[in-house]
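**Student:** my questions concern the predicted model and sequence given below.
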Amino acid sequence: RILFASEGINGTLSGDSDILGCFIKKVEGFQYNGENLFSSIDWKCSKVESHSGSFPDLYISIVKEVVNSGNTVDATNLDEYGGKHLTPEEFHNIIAEGNNNSKEIVLIDVRNTYEYAIGHFEAPSGVKAINPSMITFSTFDSTFCAKNEDYLKDKKVLTYCTGGIR
């Protein structure tokens, strides 16, 4: 499954690791008008015992949004208004530091309720991930953000999800 949108590409592939490795090298080397378009992809790979039947067909689609927000996010402004992507080490350091910095830290798990129930972050400093109680990400703005706007104002807000795309 590969989705193309104005804010980027999101894909999930399954198959033999050697074949997928060759695919990754080909994609990273693809050039258009002399520009290497895919050299900075953040590949996330998982190994499974058997991938037979995981994705029997290749599905490629052009979509309005990589992750459906209900069209509440204007992808053309992500660089200006979007958050800063942190490395795992930066994220860890901030939550380990806790509220000892200039702003109170709020940690939000933007995965769905099922994923939150499986496990979520809780820092030794006492900072606990908030569960916005979402079934789908498209309800995040209307069910969580709108209701918590005053609480979140002037705080350092950290969000996380499974793959970093939400």
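**Tutor:** Cool, the structure landed.
**Student:** low-scoring stretches of the protein, by residue?
**Tutor:** Regions of the chain meeting the criterion pLDDT under 70 cover residues 49-55, 72-79, 81-82, 99-102, 163-165.
**Student:** so where's the longest helix in it?
**Tutor:** Longest among the helix segments of the chain by residue count, using DSSP state H, is helix 17-29.
**Student:** so what's the residue count around Val110?
**Tutor:** 21 (other CB atoms under 10 Å). (C-beta placed from N, C-alpha, C; glycine too.)
**Student:** chain neighbours aside, what residue packs nearest to Glu65?
**Tutor:** Ala5 (5.4 Å; CB to CB, 6 or more residues apart in numbering).
**Student:** what does His120 give?
**Tutor:** Ala129 (4.3 Å).
**Student:** which SS state does that neighbour fall under?
**Tutor:** For Ala129, the secondary structure call by DSSP: H, G, I helix; E, B strand; the rest coil comes out as strand.
**Student:** wait, it touches Leu107, no?
**Tutor:** Yes. Counting by CB atoms under 8 Å, Leu107 is a contact partner of Ala129 at 4.7 Å.
**Student:** intersection of neighbour lists for the two?
**Tutor:** Residues touching both Ala129 and Leu107 by CB atoms under 8 Å, 6 or more residues apart in numbering: 121, 160.
**Student:** still on that earlier bit, spit out the contact partners of the residue nearest to His120.
**Tutor:** Listed by CB under 8 Å, 6+ apart, the contact set of Ala129 reads 107-109, 116, 120-122, 160.
**Student:** narrow those to just the buried residues.
**Tutor:** Among the contacts of Ala129, those buried by neighbour count (16 or more other CB atoms under 10 Å) are 107-109, 116, 120, 160.
**Student:** among these, which two are most distant?
**Tutor:** Greatest spacing in these, by CB to CB: Leu107 and Tyr116 (11.8 Å).
**Student:** where do the strands of the protein begin and end?
**Tutor:** 2-5, 8-11, 31-32, 35-36, 60-62, 105-109, 129-130, 156-160 (DSSP state E).
**Student:** adding distance to Thr139, write those out as a markdown table.
**Tutor:** Listed next are the strands of the chain as a markdown table, based on distance: least, CB to CB, whole Å:
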| stretch | distance to Thr139 |
| --- | --- |
| strand 2-5 | 19 |
| strand 8-11 | 19 |
| strand 31-32 | 36 |
| strand 35-36 | 37 |
| strand 60-62 | 22 |
| strand 105-109 | 14 |
| strand 129-130 | 15 |
| strand 156-160 | 15 |
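**Student:** what's the closest of those to Gly21?
**Tutor:** Among the strands of the chain, the nearest to Gly21 by CB to CB is strand 8-11 (15.2 Å).
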